[in-house]
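Q: Just the structure for this:
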Amino acid sequence: MKPRGLEQVELFLSDSVVGMKTALAKTYPQAHFQHCLVHVMRNICAKVRVEDREATMNEFKQIHQQANKVAAIDVLHAFYTKWNKSYNHVIRNLKDIEPDLLVFYNHPKQIRASICSTNMIESFNNVIKRKAKPKAEFPTEQSLDTFIGIQAMSYNDRYFNRIHKGFGQVRDTLESYFD
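A: Numbering: from 1, shown residues only. Next up is the predicted model:
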(Lines give C-alpha, C1' and ligand atoms only; values in the text may rest on other atoms or scores of the structure.)
Protein backbone atom coordinates (compact mmCIF):
# COMPACT_ATOMS: atom_id res chain seq x y z
CA MET A 1 0.00 0.00 0.00
CA LYS A 2 2.86 2.38 0.67
CA PRO A 3 3.99 2.43 -3.00
CA ARG A 4 0.40 3.32 -3.91
CA GLY A 5 0.52 6.43 -1.72
CA LEU A 6 -0.79 5.32 1.66
CA GLU A 7 1.42 7.39 3.94
CA GLN A 8 -0.05 6.91 7.41
CA VAL A 9 -2.18 4.28 9.12
CA GLU A 10 -3.83 4.99 12.48
CA LEU A 11 -5.65 1.69 13.01
CA PHE A 12 -5.30 -1.64 11.25
CA LEU A 13 -8.05 -4.19 11.78
CA SER A 14 -7.22 -7.81 11.04
CA ASP A 15 -8.95 -11.16 11.11
CA SER A 16 -5.85 -12.79 12.66
CA VAL A 17 -3.92 -13.46 9.46
CA VAL A 18 -0.56 -14.89 10.50
CA GLY A 19 2.28 -12.41 10.04
CA MET A 20 0.05 -9.40 9.38
CA LYS A 21 1.01 -7.57 12.58
CA THR A 22 4.74 -8.01 11.85
CA ALA A 23 4.35 -6.76 8.27
CA LEU A 24 2.31 -3.78 9.48
CA ALA A 25 4.90 -2.88 12.11
CA LYS A 26 7.66 -2.84 9.48
CA THR A 27 5.75 -0.61 7.08
CA TYR A 28 3.70 1.55 9.44
CA PRO A 29 5.36 1.39 12.88
CA GLN A 30 3.05 4.03 14.40
CA ALA A 31 -0.13 2.13 13.46
CA HIS A 32 -2.26 0.44 16.10
CA PHE A 33 -3.26 -3.17 15.46
CA GLN A 34 -6.74 -4.44 16.39
CA HIS A 35 -7.95 -8.04 16.17
CA CYS A 36 -11.48 -8.43 14.83
CA LEU A 37 -13.62 -9.44 17.80
CA VAL A 38 -16.01 -11.38 15.55
CA HIS A 39 -13.16 -13.58 14.34
CA VAL A 40 -11.85 -14.00 17.87
CA MET A 41 -15.33 -15.14 18.96
CA ARG A 42 -15.49 -17.61 16.06
CA ASN A 43 -12.13 -19.04 17.08
CA ILE A 44 -13.32 -19.41 20.67
CA CYS A 45 -16.53 -21.12 19.51
CA ALA A 46 -14.55 -23.62 17.49
CA LYS A 47 -12.52 -24.60 20.54
CA VAL A 48 -15.15 -24.90 23.28
CA ARG A 49 -17.67 -27.65 23.85
CA VAL A 50 -21.10 -27.16 22.31
CA GLU A 51 -22.77 -26.98 25.72
CA ASP A 52 -20.45 -24.09 26.73
CA ARG A 53 -20.67 -22.04 23.54
CA GLU A 54 -23.64 -19.88 24.42
CA ALA A 55 -22.30 -19.05 27.87
CA THR A 56 -18.78 -18.27 26.66
CA MET A 57 -20.05 -16.11 23.80
CA ASN A 58 -22.46 -14.16 25.99
CA GLU A 59 -19.66 -13.45 28.45
CA PHE A 60 -17.13 -12.57 25.76
CA LYS A 61 -19.60 -10.17 24.09
CA GLN A 62 -19.73 -8.23 27.35
CA ILE A 63 -16.12 -7.18 26.76
CA HIS A 64 -16.86 -4.89 23.83
CA GLN A 65 -20.04 -3.54 25.42
CA GLN A 66 -18.28 -1.85 28.35
CA ALA A 67 -18.17 1.92 28.79
CA ASN A 68 -14.37 2.13 28.91
CA LYS A 69 -11.19 0.12 28.51
CA VAL A 70 -10.65 -0.40 32.26
CA ALA A 71 -14.08 -1.99 32.63
CA ALA A 72 -13.47 -4.11 29.51
CA ILE A 73 -10.16 -5.36 30.94
CA ASP A 74 -11.93 -6.30 34.17
CA VAL A 75 -14.55 -8.28 32.25
CA LEU A 76 -11.85 -9.93 30.13
CA HIS A 77 -9.89 -10.99 33.20
CA ALA A 78 -13.06 -12.34 34.82
CA PHE A 79 -13.59 -14.32 31.59
CA TYR A 80 -10.04 -15.70 31.94
CA THR A 81 -10.63 -16.69 35.55
CA LYS A 82 -13.93 -18.44 34.87
CA TRP A 83 -12.89 -20.40 31.77
CA ASN A 84 -9.17 -21.02 32.33
CA LYS A 85 -9.65 -24.38 34.03
CA SER A 86 -11.86 -25.78 31.25
CA TYR A 87 -10.21 -24.10 28.26
CA ASN A 88 -6.63 -23.28 29.17
CA HIS A 89 -5.50 -23.25 25.52
CA VAL A 90 -8.22 -20.75 24.57
CA ILE A 91 -7.35 -18.44 27.46
CA ARG A 92 -3.63 -18.70 26.65
CA ASN A 93 -4.34 -17.65 23.05
CA LEU A 94 -6.47 -14.73 24.24
CA LYS A 95 -3.76 -13.57 26.62
CA ASP A 96 -1.26 -13.63 23.73
CA ILE A 97 -3.39 -11.21 21.72
CA GLU A 98 -4.76 -9.15 24.63
CA PRO A 99 -2.77 -5.99 23.79
CA ASP A 100 -4.43 -6.00 20.34
CA LEU A 101 -7.90 -6.95 21.53
CA LEU A 102 -9.13 -3.70 23.08
CA VAL A 103 -7.38 -1.06 20.95
CA PHE A 104 -10.74 0.20 19.69
CA TYR A 105 -11.34 1.65 23.18
CA ASN A 106 -8.63 4.24 22.41
CA HIS A 107 -10.96 5.77 19.81
CA PRO A 108 -14.17 7.81 20.20
CA LYS A 109 -17.18 5.91 21.53
CA GLN A 110 -19.29 6.80 18.48
CA ILE A 111 -17.18 4.63 16.16
CA ARG A 112 -16.18 1.74 18.42
CA ALA A 113 -18.89 -0.59 17.15
CA SER A 114 -17.62 -0.12 13.60
CA ILE A 115 -13.93 -0.61 14.31
CA CYS A 116 -14.00 -3.67 16.57
CA SER A 117 -14.88 -5.96 13.65
CA THR A 118 -14.01 -6.37 9.99
CA ASN A 119 -17.64 -6.19 8.80
CA MET A 120 -17.07 -3.11 6.60
CA ILE A 121 -13.98 -4.68 5.03
CA GLU A 122 -15.73 -8.00 4.43
CA SER A 123 -18.62 -6.18 2.76
CA PHE A 124 -16.19 -4.63 0.27
CA ASN A 125 -14.43 -7.99 -0.23
CA ASN A 126 -17.77 -9.56 -1.14
CA VAL A 127 -18.30 -6.87 -3.79
CA ILE A 128 -14.91 -7.70 -5.31
CA LYS A 129 -15.58 -11.45 -5.23
CA ARG A 130 -18.98 -11.03 -6.85
CA LYS A 131 -17.57 -8.86 -9.66
CA ALA A 132 -14.45 -11.00 -10.18
CA LYS A 133 -16.33 -14.32 -10.38
CA PRO A 134 -17.50 -13.93 -14.01
CA LYS A 135 -13.91 -13.16 -15.06
CA ALA A 136 -12.75 -16.64 -13.91
CA GLU A 137 -9.04 -15.79 -14.11
CA PHE A 138 -6.79 -12.87 -14.81
CA PRO A 139 -3.94 -13.17 -17.33
CA THR A 140 -1.41 -11.38 -15.11
CA GLU A 141 -1.05 -10.25 -11.53
CA GLN A 142 -1.01 -6.66 -12.83
CA SER A 143 -4.46 -7.13 -14.43
CA LEU A 144 -5.85 -8.41 -11.12
CA ASP A 145 -4.25 -5.48 -9.29
CA THR A 146 -5.79 -3.04 -11.79
CA PHE A 147 -9.20 -4.71 -11.49
CA ILE A 148 -9.18 -4.46 -7.68
CA GLY A 149 -8.00 -0.84 -7.87
CA ILE A 150 -10.85 0.06 -10.23
CA GLN A 151 -13.36 -1.70 -7.96
CA ALA A 152 -12.04 0.21 -4.93
CA MET A 153 -12.28 3.53 -6.79
CA SER A 154 -15.81 2.70 -7.95
CA TYR A 155 -16.82 1.72 -4.41
CA ASN A 156 -15.34 4.95 -3.04
CA ASP A 157 -17.14 7.04 -5.67
CA ARG A 158 -20.45 5.33 -4.93
CA TYR A 159 -20.18 5.90 -1.18
CA PHE A 160 -18.17 9.14 -1.14
CA ASN A 161 -20.91 11.26 0.44
CA ARG A 162 -22.10 8.51 2.75
CA ILE A 163 -20.70 8.65 6.26
CA HIS A 164 -20.61 5.42 8.22
CA LYS A 165 -22.44 5.39 11.55
CA GLY A 166 -20.72 7.62 14.09
CA PHE A 167 -17.85 8.80 11.89
CA GLY A 168 -19.50 12.11 11.00
CA GLN A 169 -19.84 13.00 14.68
CA VAL A 170 -16.11 12.58 15.31
CA ARG A 171 -14.68 13.76 12.00
CA ASP A 172 -12.56 16.51 13.62
CA THR A 173 -11.13 14.10 16.19
CA LEU A 174 -10.23 11.57 13.51
CA GLU A 175 -8.63 14.22 11.29
CA SER A 176 -6.50 15.37 14.24
CA TYR A 177 -4.88 11.92 14.31
CA PHE A 178 -3.28 12.72 10.94
CA ASP A 179 -1.92 16.20 11.65
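Q: Which residues belonging to the longest helix along the chain are considered buried?
A: Ordering each helix of the chain by length in residues (DSSP state H) puts helix 141-158 first. Neighbour-count burial for helix 141-158 flags Gln151 (criterion: 16 or more other C-beta atoms under 10 Å). In this view, the C-beta of every residue, glycine as well, is placed from N, C-alpha and C.
Q: Next: stretch 93-104.
A: By 16+ other C-beta under 10 Å, the buried positions in stretch 93-104 come out as 93-94, 100-104.
Q: Just name the closest of those to Glu175, please.
A: For Glu175, the nearest member of the buried residues of stretch 93-104 is Phe104. The distance, counting by C-beta to C-beta, is 18.4 Å.
Q: residues touching the closest residue to that closest one other than its chain neighbours, list them.
A: Leaving aside its chain neighbours, Phe104 sits nearest to Cys116 (4.4 Å; criterion: C-beta to C-beta, 6 or more residues apart in numbering). Shown in contact with Cys116 (C-beta atoms under 8 Å, 6 or more residues apart in numbering): 34, 36-37, 64, 104.
Q: Distance-wise, check Cys116 relative to Val75.
A: For Cys116, the distance to Val75 (C-beta to C-beta, to the nearest Å) stands at 14 Å.
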